[in-house]
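*Asks:* With the sequence up front, the predicted model follows.
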Amino acid sequence: MPKDFQIELQGTAQLVDFFKDMPRQFGERALGDIAQKGASVIRSEARRQMPIDGELGRIGKKAVIIGKNKNNKTERVVTIGGKYLTYKGKEVSLGKIIRHMTAGRQNLRKTKGGKVRGRVSLRLGDFIQRAFNRRREQAVKVMGEATFKIIERRARRATGISYGR
């Protein structure tokens, strides 16, 4: 990293002036990067908390992703991605399967053939919410530790200074 590039900010006024001098998307991108750091902590815990075993659980862990909001560029959401599986010749959303299996008890329904369906006997719960509750303090800590480093990296990019990763 070049030694001649330093950022020193003290107080809100200096921070506001700093952001005014940067390109328009600088703030959005920096805040999005910071949110990504916190969301990655939650995503890792959610993958560990995946309540489904076997092949579906293995695929499901990979499907837990960090999504971006189209309207708010700084927001990050830990969710189940849009993976599809072929089940009985049909494309089925993995997210729908996992949500169904973690929803808990449902009403009994009978098919035309008389089979009983629609009952989930074990409530596995919302594992992503549990992951958030368990790791939110750690996520905030990680975001706090990464903030200055991310702002510095984004500022270097915005000013055209190259650096190593």
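*Replies:* Nice, I can see it.
*Asks:* Do a quick rundown of the strands in the protein.
*Replies:* Here the chain has its strands, by DSSP state E, at 64-68, 76-80, 84-87, 90-93, 109-110, 116-117.
*Asks:* how about those in CSV, adding mean pLDDT, distance to L31 and mean neighbour count?
*Replies:* (Each C-beta comes from the backbone N, C-alpha and C, glycine too.) Formatted as CSV, these follow (pLDDT from 0 to 100; distance: least, Cβ to Cβ, whole Å; neighbours: other Cβ atoms under 10 Å):
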stretch, mean pLDDT, distance to L31, mean neighbour count
strand 64-68, 90, 12, 17
strand 76-80, 88, 10, 19
strand 84-87, 81, 32, 11
strand 90-93, 86, 31, 11
strand 109-110, 68, 46, 10
strand 116-117, 69, 46, 9
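*Asks:* Contact partners for P23?
*Replies:* Taking Cβ atoms under 8 Å, 6 or more residues apart in numbering, we find P23 in contact with A158.
*Asks:* picking up where we left off before, mind putting the strands of the chain into JSON lines with distance to D21?
*Replies:* Shown next, in JSON lines, are these (distance: least, Cβ to Cβ, whole Å):
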{"stretch": "strand 64-68", "distance to D21": "26"}
{"stretch": "strand 76-80", "distance to D21": "26"}
{"stretch": "strand 84-87", "distance to D21": "46"}
{"stretch": "strand 90-93", "distance to D21": "46"}
{"stretch": "strand 109-110", "distance to D21": "62"}
{"stretch": "strand 116-117", "distance to D21": "62"}
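*Asks:* Right, I'll call it a day here.
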